[in-house]
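A.B. asks: everything below, folded, please.
(one chain, ligands or ions: 3)
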Amino acid sequence: MAGRHNLTIAADRLWQSLAEMAEIGPGIAGGNNRQALTDADGKARRLLQRWCEDAGCTMALDQMGNMFATRPGTDADALPVYVGSHLDTQPTGGRYDGVLGVLGGLEIIRTLNELDIKTKHPIVVTNWTNEEGTRFAPALLSSGVFAGVHDQDWAYDRTDAEGARFGDALNRIGWRGEEAVGARKMHAFFELHIEQGPILEAEGKEIGVVTHGQGLRWIEVTVEGRAAHTGSTPMPMRRNAGLGMARILEALEAIARDHAPDAVAAAGHIDVYPNSRNVIPEKVVLTADLRSPILEVILDMEARLEAEARAICDALGLRVRFEVVGGFDPVTFDPACVGAVRDAAETLGLGHRDIVSGAGHDACAISRVAPTAMVMCPCVDGLSHNEAEEITKDWAAAGANVLLHAVLSMAEIVE
Ligand code: HGY
Ligand code: MN
Ligand code: MN
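C.D. replies: Ligands and ions are numbered 1, 2, ... in the order given. Have a look, this model is predicted:
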């Protein structure tokens, strides 16, 4: 094929598709609130299915609602190359986190159709259910079931803040398929994702060649004291779970900073009970999010958090308990797939650098069962999980073009 290295996607078409998808489940500040298994998620799924079928793909659905749109290859026995990410968003999510990877995969199909390019291996565009874990913890829930990390019945029993079960919510939106989860075998899996950090933009690089992914642990810490009157209870008599929370959050910050630059930690999800202005907090439930590319660091942070939280609570007359509610170990992506991404960036003459993913992604789960790699593009100010998340059309196109060439290197063009 003449000028194969010049193959590029249609940037305007990709940008337009991103804009149309962003209209589903709008946030309140220009981003998205399209949480897993909501009506908005169902609407986004229907749009993706229509687009994929318009592009000649056949859609399949597994029992976790994972979507697989297949473009046939010339060799029906060849294992497919999968490409995708997630359509669900944070409650104050951006328009590109996850979506760029799904629609970047669709854009590959549209481009190959337009150029009448055939590949030996089928190519499958994928949408993984509930990547964010914001409504139903943990993150990467469905790619995790696919990869054998979680039991399917356990996943079905995960509940949201209102007590709705994942399995019931999946049935309610009508996106529970019949296909067994994880039965599919992959030749390779590629995920395009925004960096969600500041490195690529700061260095003026269009592409991140993702060699590794940080590991994470979500530790739910429950602190219990005694509800009492905020006015009439003398200070020495108080058992203030809110004070325990404050000191534990300070300890969490110090634990991560002690491991700088190889660790991060925060607690983004905190419930205070009874959360009344004139009642001393009786109970606080917070989820500590601990991350590092080094497993030993994660384990040390987990141990220190438990020891220091116990000491804090003992000193304040509080009870404390811990539960691991999510997590996965650090990931090393497949060298051959990573090489395909790096070669694609070089072929296209794009500025690139190796990078470790700070965020978790479905690719981190799928790397357990298939050769996997990721392509990253910059995002403005490194901001994500914020409705102000922004990228440029050129960055989206650069990422999708690298994804195209990496996928083709594995799917093998048939002359
Ligand atoms: O938590 C994560 O890293 C991902 O964005 N769900
Ligand atoms: Mn994501
Ligand atoms: Mn995210």
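A.B. asks: so, low pLDDT: which residues of the protein?
C.D. replies: Low-confidence segments of the chain, defined by pLDDT under 70: 1-5.
A.B. asks: can you list the residues of it near ligand 2?
C.D. replies: Contact residues, the chain versus ligand 2 (CB under 5 Å from the ion): 97-98. For glycine as for every other residue, the C-beta is placed from the backbone atoms N, C-alpha and C.
A.B. asks: find the centremost residue of the chain, please.
C.D. replies: residue 361 (3.8 Å; CA atoms, centre = their mean).
A.B. asks: quick one: contacts for that one?
C.D. replies: 85, 131, 140, 191, 193, 213, 374 (CB atoms under 8 Å, 6 or more residues apart in numbering).
A.B. asks: could you do residue 62 as well?
C.D. replies: 68, 146, 177, 179-181, 183-184.
A.B. asks: same check, this time on residue 26
C.D. replies: Residues near residue 26 by CB under 8 Å, 6+ apart: 32-33.
A.B. asks: correct me, but residue 197 touches residue 383?
C.D. replies: No - the criterion here is CB atoms under 8 Å, and residue 197 misses it with residue 383 at 9.2 Å.
A.B. asks: so those two - more neighbours on which side?
C.D. replies: residue 197 (21 against 17; other CB atoms under 10 Å).
A.B. asks: is it true that residue 406 touches residue 374?
C.D. replies: No - Residue 406 lies out of contact with residue 374 (CB under 8 Å); the separation is 9.8 Å.
A.B. asks: can you list residues touching both of those two?
C.D. replies: 190, 341.
A.B. asks: residue in the stretch 151-300 of the chain nearest to ligand 2?
C.D. replies: residue 193 (5.8 Å; CB to the ion).
A.B. asks: assign a three-state SS to that residue, would you?
C.D. replies: The three-state label given to residue 193 by DSSP: H, G, I helix; E, B strand; the rest coil is strand.
A.B. asks: how close does it get to residue 272?
C.D. replies: For residue 193, the distance to residue 272 equals 33 Å [CB to CB, to the nearest Å].
A.B. asks: re earlier: redo the contacts of residue 62 as CSV? Include neighbour count.
C.D. replies: Shown next, in CSV, are those (neighbours: other CB atoms under 10 Å):
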residue, neighbour count
68, 21
146, 29
177, 17
179, 14
180, 11
181, 22
183, 9
184, 19
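A.B. asks: make TSV from those residues and add secondary structure to it.
C.D. replies: Shown next, in TSV, are these (three-state DSSP):
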residue	secondary structure
68	strand
146	helix
177	coil
179	strand
180	coil
181	coil
183	coil
184	coil
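A.B. asks: quick check, nearest of those residues to ligand 1?
C.D. replies: For those, the closest approach to ligand 1 (CB to the nearest ligand atom) belongs to residue 146, at 15.8 Å.
A.B. asks: so who does the residue lying closest to that closest one once chain neighbours are set aside touch?
C.D. replies: The shortest distance from residue 146 to any residue other than its chain neighbours is 4.7 Å, reached at residue 182 (CB to CB, 6 or more residues apart in numbering). By CB under 8 Å, 6+ apart, the contact list for residue 182 reads 145-148, 369.
A.B. asks: swap in residue 353?
C.D. replies: 199-200, 203, 205, 207-209.
A.B. asks: ditto for residue 52
C.D. replies: So residue 52 contacts 59, 69, 106, 109, 125 (CB under 8 Å, 6+ apart).
A.B. asks: what segments of the stretch 101-250 of the chain are helices?
C.D. replies: Applying DSSP state H, counting those that start in this stretch to the stretch 101-250 of the chain gives helices spanning 141-146, 152-156, 166-172, 199-203, 241-258.
A.B. asks: just name the most buried of those.
C.D. replies: Highest mean neighbour count among these (mean count of other CB atoms under 10 Å): helix 141-146, with a mean of 29.
A.B. asks: convert that helix to PDB, retaining C-alpha atoms only.
C.D. replies: The C-alpha trace of helix 141-146 is given here as PDB (Å, rounded to 0.1, in the frame of the first residue of the first chain):
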ATOM      1  CA  LEU A 141     -15.100  -3.500  37.900                       C
ATOM      2  CA  SER A 142     -16.200  -5.100  34.600                       C
ATOM      3  CA  SER A 143     -12.800  -5.300  32.900                       C
ATOM      4  CA  GLY A 144     -11.800  -6.800  36.200                       C
ATOM      5  CA  VAL A 145     -14.400  -9.500  36.000                       C
ATOM      6  CA  PHE A 146     -13.300 -10.100  32.400                       C
END
